[in-house]
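K.L.:
Quick one: sequence and predicted model below, then my questions.
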Amino acid sequence: MRRNLAARIGVWSAHHRKTAILGWLLFVVLATGIGGASGMVEMTDAENATGDSARAEQILDDAGLARPAGELVMVSAAKAGDWQDAAREVSAAVERTGEVRNLAAPVPSEDGKDVLITFDMKGDAATSADRVQPVLDAVSGVRERRPDVTIQQFGEASAGKWLGDLLSEDFRKAEFTAVPLALGILLVAFGAVVAALLPVGLALTACMAAFGLLSLASHQLHLFQTTYSVMFLMGFAVGVDYCLFYLRRERDERAAGRDAETALRIAAETSGRAVLVSGLTVMVAMAGMFLSGLMLFKGFALATITVVLIAVLGSVTVLPALLSWLGDRIDAGRVPLLNRRAKRGVRASGSLAGTVLRPVLNRPKVFAVASVVFLLALAAPALGMKTESLGLEKQFGSDSELSVAYRSIAETFPGGPAPALVVVEADDIDSPELRRALAEFGPDKVTVHRAQNIAEIEVPLPDGEAGLAGLRDKRVPAAFDGTGAQAYVTGELAGSVDFNSQLKRGIAPVFAFITAVTFLLMLFCFRSYVIAVTSILLNLLSVCAAYGVMVAVFQHGWGASLIGSEGVGAIEAWMPLFVLVVLFGLSMDYHVFVVSRIREARQAGLDTRAAIDTGIRRTAGAVTGAAMIMVAVFAVFGTLSMQDMQQMGVGLAVAVLLDATIVRMVLLPSAMALLGERNWRTPRGLSWLPAPDHDEAGTADVVAGPVPTGSGLRG
């Protein structure tokens, strides 16, 4: 009997279950321990930047002139000059900490009611957040002693401290919320504690091993600080889904009267194969991020590929071994009420799917047009999408202490919180030409490093992007052209503009790569160019709808307050490309699973319409359960504090919800019904492709047998 790769792996694991289980545990322990001991290496500013910003940062790094973390403290009084005593106290307090340098004289505002105190943190800027607490305490102490004035602080170190604490708290919240949610959904679905714990346990161990391996890899490819959160988001969701698909099929076959060994083999050959194809598709889609030209996305790609690969390996190896070892004990810990509800839910799921499918298959053209129009309507706001690298003041929310301080300082001292930095490198920084050029910017804004022949110029940007464009296109060239020096502009705004420019250049090759690879994988999997093309079109509709919802909520603020967020006028710069790649990959989970079951029914002798009806009814319960888990996990990230995490969570949750309902239950069956036998058309030159056949034991009941309703989450 010919068996596919997944079946061979599953049968081997079941027959060598001790080796498979102990091998998995040893792998997880070693990966977690070694990776944890090595620690994660974060990318530098130069590595995270691109264009002129990256060149400027690299010049400073190569010369050992890493910029210190700058801090700003503004003291405001009701009357001009009433801030003087408080300002002296602030300066003395921060100096006593021994953590600051370059403490400048207070600079008053135009109306004299405010004063700005600037200083730098000692040591490496990358670790300044770990050392800023004494400075924060010093400023806070003056604030408490001087209620007659308002004291606000903002800077790289204080913002970094806030960000680090917030990320740590948010990550704990995600873990402690997402895991119980998934467990609760599985418990309701299966009505048994062991069956519910199994997917969650495997997903968590896969994430633990991936964390360790990623920490090791970060010593070669440095990572962004939110990469671990992205990995957990993806790894836990797909890990639970893959196990759910596999376990669901095994329990279906047992309910249909198969013996334990046959049921496990069929599950391996069908759902196991779908998991392999789906996982491969997700990983290849993620690999497209390597073409973006940005290290941020290379880190995201490495993280998601690693965790999905481990989740796939766990699903096709240790899961069959555990199922073989547990046997009927998989139903241990039955919860009577939930078990009865699960069985009723099984019938309801099949009945609901049949109720939806009946009119869809009777009038496929109407439902196809209606669903496309609905998705395009959701996507419409995306036409006005604006992207930018959201500053920390937008990430934390407009009411946070840090954001209020940023706005107040920026309004009183325009350009102060985030000035541009012009980095000048020359053979002789003290040449007469360069002295004259530097003098044009004002002596108080220029720092000259004679030993390295480098100068740094701080330039406030009260006019935002217009001021940056004028600085780059006119002021800097006018000052330094003909001097033989190289001058590049960096800073928060410059970095955001350069990042967006690179994304616009990088999205075309990434999109071309993932669409081409998705087409080829679907063609190889189903031997049908029609299914391959429709897969891409359905995915694009899901992605566009997700874009539209993200723009409506987070750019325009429509309904943002309902989820505890707010509109910030833009989408995080890296979000559109990330969401595109992730959703292209995740959509394959459901698509491969559903279409594989339709194809299985078609090969068993049913006509296309009957195969569509049977395949979707049989997968409706599993897809619903898997989608509920993914939506729940993603929605948890939508409730976190960081704006980019909120955007990612809501965007992915909406896309998965639409994909599992409108796309898979309405648009996919209506489109396949309209296409009829053309769904299975193999190009003449590709008849050599292997057919995705299943043995008769796995498909005979497709024709004659009813949808099983004995246990688990069924469709």
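P.N.:
Received, thanks. Residues are numbered from 1 along each chain as shown.

K.L.:
going forward, measure contacts between C-alpha atoms and count neighbours the same way
P.N.:
Will do.

K.L.:
can you list contacts of stretch 376-392?
P.N.:
Outside stretch 376-392, the residues that touch it by CA atoms under 8 Å, 6 or more residues apart in numbering are 159, 403, 492, 496-497, 499-500, 541, 544-552, 555, 569-574.

K.L.:
run the last query once more with 7 Å
P.N.:
When contacts are defined by CA atoms under 7 Å, 6 or more residues apart in numbering, stretch 376-392 is touched by residues 496, 500, 544-549, 551-552, 570-573.

K.L.:
Buried residues, that stretch. List them.
P.N.:
For stretch 376-392, the neighbour count (16 or more other CA atoms under 10 Å) marks Leu376, Leu378, Ala379, Ala380, Pro381, Ala382, Met385, Thr387, Glu388, Ser389, Leu390, Leu392 as buried.

K.L.:
So which of these sit within strands?
P.N.:
Assignment to strands by DSSP state E places the following of the buried residues of stretch 376-392 there: Thr387, Glu388.

K.L.:
okay if I get the buried residues of stretch 376-392 as JSON lines plus distance to Ile531 and pLDDT?
P.N.:
Shown next, in JSON lines, are the buried residues of stretch 376-392 (distance: CA to CA, whole Å; pLDDT from 0 to 100):
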{"residue": "Leu376", "distance to Ile531": "21", "pLDDT": "96"}
{"residue": "Leu378", "distance to Ile531": "25", "pLDDT": "95"}
{"residue": "Ala379", "distance to Ile531": "23", "pLDDT": "95"}
{"residue": "Ala380", "distance to Ile531": "26", "pLDDT": "96"}
{"residue": "Pro381", "distance to Ile531": "29", "pLDDT": "95"}
{"residue": "Ala382", "distance to Ile531": "27", "pLDDT": "94"}
{"residue": "Met385", "distance to Ile531": "31", "pLDDT": "92"}
{"residue": "Thr387", "distance to Ile531": "33", "pLDDT": "87"}
{"residue": "Glu388", "distance to Ile531": "36", "pLDDT": "83"}
{"residue": "Ser389", "distance to Ile531": "37", "pLDDT": "80"}
{"residue": "Leu390", "distance to Ile531": "39", "pLDDT": "82"}
{"residue": "Leu392", "distance to Ile531": "44", "pLDDT": "71"}
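
K.L.:
quick one: average pLDDT of stretch 493-502?
P.N.:
Averaging pLDDT along stretch 493-502 gives 87.

K.L.:
So which residues make contact with the helix or strand where Ala206 lies?
P.N.:
Ala206 belongs to helix 193-217 when assigned by DSSP states H and E. Here helix 193-217 makes contact (CA under 7 Å, 6+ apart) with 28, 31-36, 38-40, 183, 186-187, 190, 232, 235-236, 239-240, 243-244, 303, 306-307, 310-311, 314, 330-334.

K.L.:
Pull out the buried members of those.
P.N.:
Applying 16+ other CA under 10 Å to those flags 28, 31-33, 35-36, 40, 183, 186-187, 190, 232, 235-236, 239-240, 243-244, 303, 306-307, 310-311, 314, 330-331, 334 as buried.

K.L.:
Keep only those of those that are in helices.
P.N.:
Of the buried ones among the contacts of helix 193-217, the ones assigned to helices by DSSP state H are 28, 31-33, 35-36, 183, 186-187, 190, 232, 235-236, 239-240, 243-244, 303, 306-307, 310-311, 314.
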